[in-house]
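[1] fold the following, please.
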Amino acid sequence: MNWYLDVLKKYAVFEGRARRKEYWMFVLFNIIIGLALMLLEGRIGAGGILSMVYSLAVLVPSLAVSVRRLHDTDRSGWWLLIGIIPLIGGIILLIFMVGDGVPGENQYGPDPKAATA
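    You can find the predicted model right below:
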């Protein structure tokens, strides 16, 4: 849960680097919360309002952590736009996000793994 809250605390921080674990834990919690909201909406008949509000609330933190994750792999945040390309763009972006970060310092900052070790 701390990984999720840390990303929310860095609400609009697009500088620096994000570890693979930080990114994927945030994605996991978003999926869990999204599923829980869908179940709740199904029970109370909210029609997707809660999910839409939650999605809008985490839009900027999601973009920020994605950019920081790309920075960890020594890529510009502009690489997020490759996701616009149907199918191939999403696959390429997934490969970037799954890959290990560049060890040591790069142009975007110090290695986040070294900072926690």
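
[2] now Thr73. Its backbone dihedrals?
    Here is the backbone geometry of Thr73 (degrees, to the nearest 10): phi -90, psi 10.

[3] the chain: helices as residue ranges?
    2-9, 20-44, 49-57, 59-72, 88-98, 112-116 (DSSP state H).

[4] ranking these by burial, who's on top?
    Comparing these by mean neighbour count (mean count of other Cβ atoms under 10 Å), helix 59-72 ranks first with a mean of 21. Every residue, glycine included, has its C-beta placed from N, CA and C.

[5] where does the protein dip in pLDDT?
    In the predicted model of the chain, residues 115-117 satisfy pLDDT under 70.

[6] try it again with 80
    For the chain, the stretches with pLDDT under 80 are 1, 46, 115-117.

[7] re earlier: okay, the helices of the chain in a markdown table with distance to Leu80 next?
    Below are the helices of the chain laid out as a markdown table (distance: least, Cβ to Cβ, whole Å):
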| stretch | distance to Leu80 |
| --- | --- |
| helix 2-9 | 16 |
| helix 20-44 | 12 |
| helix 49-57 | 17 |
| helix 59-72 | 6 |
| helix 88-98 | 7 |
| helix 112-116 | 19 |
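
[8] Asn106: which of those is closest?
    helix 59-72 (7.6 Å; Cβ to Cβ).

[9] show me what contacts Cys55?
    Quick fix: residue 55 is Ser, not Cys. By Cβ atoms under 8 Å, 6 or more residues apart in numbering, Ser55 lies in contact with Gly34.

[10] distance of it from Ala36?
    According to Cβ to Cβ, to the nearest Å, Ser55 stands 13 Å off from Ala36.

[11] what does Lys113 give?
    According to Cβ to Cβ, Lys113 and Ala36 sit 31 Å apart.
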